[in-house]
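> Quick one, what's the 3D model for this:
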Amino acid sequence: MKKEISIGILRLSLGLFFLVLGIIGVVPRVQETVFTLNDNLGLEIFFGLVELICGILLIAGFFTPLGRKAIRSASLVVFIFWALRIFLSKFVWGISFVSKGMLFHPAFSTWILVLSAELVIGAALFIIYRAYE
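Modelled structure (predicted):
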């Protein structure tokens with residue numbers, strides 16, 4: 001019972017996080033601050049829509065009779081998109097190779113701090129995925 005409550009609180013908090021991040025991502029004039037993708041290709045809006053859907057999927061189980069398999073599948077999809085987002089934002093767009101070495105966008109201290117936070121979110125998503133096996 002305690003485990004189910006803990007997983008429920010984790011799902012709800014992650015769902016709310018993704019809803020807010022998704023809404024901010026699709027509103028063109030609002031900056032996602034540390035969770036920005038820094039792109040010029042419109043991927044911010046695409047990922048905003050995906051994050052919005054991810055938030056809805058994480059929260060939907062509280063209001064609809066979704067089975068364990070559906071919640072597990074949805075959380076796996078959310079986890080995969082989050083891992084892709086980390087890869088793109090931190091390693092594709094977040095590092096530039098210059099003649100004197102690597103340049104981090106933003107500064108390294110912010111880059112590593114945000115990467116750490118994104119990895120914690122990823123770990124929480126993985127915990128939700130594993131909880132519904």
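> in the helix or strand V120 falls within, what's buried?
In this structure, V120 sits in helix 108-131 according to DSSP states H and E. Buried residues in helix 108-131, counting neighbours by 16 or more other Cβ atoms under 10 Å, are found at 111, 114-115, 118, 121-122, 124-125, 127-129, 131. The C-beta positions use only the backbone N, C-alpha and C, and glycine is treated the same way.
> again with stretch 18-30
Going by neighbour count (16+ other Cβ under 10 Å), the buried part of stretch 18-30 is 18-19, 21-22, 24-26.
> just the CA coordinates of that stretch, formatted as CSV?
The C-alpha trace of stretch 18-30 is given here as CSV (Å, rounded to 0.1, in the frame of the first residue of the first chain):
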residue,chain,number,x,y,z
PHE,A,18,5.4,17.6,-17.9
LEU,A,19,2.1,19.4,-18.3
VAL,A,20,3.7,22.7,-17.2
LEU,A,21,6.8,22.1,-19.3
GLY,A,22,4.7,21.2,-22.3
ILE,A,23,2.5,24.2,-22.0
ILE,A,24,5.5,26.5,-21.7
GLY,A,25,7.1,24.7,-24.6
VAL,A,26,4.2,25.3,-27.0
VAL,A,27,3.8,29.0,-26.1
PRO,A,28,6.3,30.7,-28.4
ARG,A,29,7.1,33.7,-26.3
VAL,A,30,7.7,31.9,-23.0
